[in-house]
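Visitor: could you work out the structure for the sequence below:
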Amino acid sequence: MPNSTDSSDNTQPLVDVDHSPKPAHATTGSSTMPKSRLNKSTNRTPKLVANGSRAFMWYFLALIIVIIDQWTKWLAETKLTFHEPVPVIEPFLNWTLAYNYGAAFSFLADAGGWQKWFFSGLALLMSLFLIIYLIKAPRKATLLSFGLALVLGGAVGNLIDRLLHGHVIDFIHVHNADIWHYPIFNIADMGISIGVAMIVIDMLFLEKKREMPRP
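Guide: Here you go, the predicted structure:
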């Protein structure tokens, strides 16, 4: 008769097998990193912080441009005679008082008076746009904000002239003897021209670098 203990001796031990799904990992070298973390670490899009309250710093720069512009125009009106040049650096630079009833390069200067309100409205809309845009501009885009502030100061400076006098006061006359004459301009025009150049440089060379993903 077989012994009852024989059946217990022949039984195989039970082994627990873990059938739960294993998380997918991507290995780099000897370490292991989840794919989601690997993608985030190798393709980071920089977060651009807006100027926000720091825009007031650029508003202050625009205000300085307006003050210098209006002060130099006041000097031109009080010290100069209309259309009588005063040599500064011969034969390249004169102070010559002139009035511009139109836009740049005297565009629409002889339109009959309606251009005053037309260009004043454009300058006002442009100034409001720049005030808002300076708040939203990236804080690290210093050149862009600098250019926007210069354009804002120049636009406001010439807007004040149109509203107070009906024309823009110009006095800087660059020329080459009597061979070549550049249209007479003012400090506000210089701010606008330099500011636009800064904005274009930022758009062409710096804007894409700010948006490039960091390694």
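
Visitor: tally of neighbours for Pro87?
Guide: 12 (other Cβ atoms under 10 Å). Every C-beta, even on glycine, is put in place using the N, C-alpha and C of the backbone.

Visitor: which residues touch it?
Guide: For Pro87, the contact set (Cβ atoms under 8 Å, 6 or more residues apart in numbering) comprises Leu93, Asn94.

Visitor: tell me the secondary structure at it.
Guide: Counting by DSSP: H, G, I helix; E, B strand; the rest coil, the backbone at Pro87 sits in strand.

Visitor: that one bridge partners, please.
Guide: Going by DSSP bridges, Pro87 is paired in beta bridges with Asn94.

Visitor: what about it, distance to His173?
Guide: For Pro87, the distance to His173 equals 10 Å [Cβ to Cβ, to the nearest Å].

Visitor: overlap of the contact sets of these two?
Guide: Leu93, Asn94.

Visitor: ok, and the closest non-adjacent residue to Leu206?
Guide: Leu143 (6.4 Å; Cβ to Cβ, 6 or more residues apart in numbering).

Visitor: which helix or which strand is home to the one you found?
Guide: helix 142-165 (DSSP states H and E).

Visitor: show me what that helix is packed up against.
Guide: helix 55-79, helix 114-136, strand 168-176, helix 187-201 (3 or more Cβ pairs under 8 Å, 6 or more residues apart in numbering; DSSP states H and E).

Visitor: which residues touch the first helix or strand past the shortest one going along the chain?
Guide: For strand 168-176, the succeeding helix or strand toward the C-terminus, using DSSP H and E, is strand 180-181. Counting contacts by Cβ under 8 Å, 6+ apart, the residues outside strand 180-181 that touch it are His173, Val174, His175.

Visitor: note down every partner strand of strand 180-181 and its orientation.
Guide: When pairing is defined by DSSP bridges, strand 180-181 lines up against strand 168-176 (antiparallel).

Visitor: which residues does the residue nearest to Leu206 contact?
Guide: Residues near Leu143 by Cβ under 8 Å, 6+ apart: Met198, Ile201, Asp202, Leu206.

Visitor: the spatially closest residue to Asn186 that is not a sequence neighbour pairs with what?
Guide: Excluding the flanking residues, the one nearest Asn186 by Cβ to Cβ, 6+ apart is Asp170, at 5.0 Å. Beta-bridge pairing of Asp170, defined through DSSP bridges, involves Ala98.

Visitor: okay then, goodbye and thanks.
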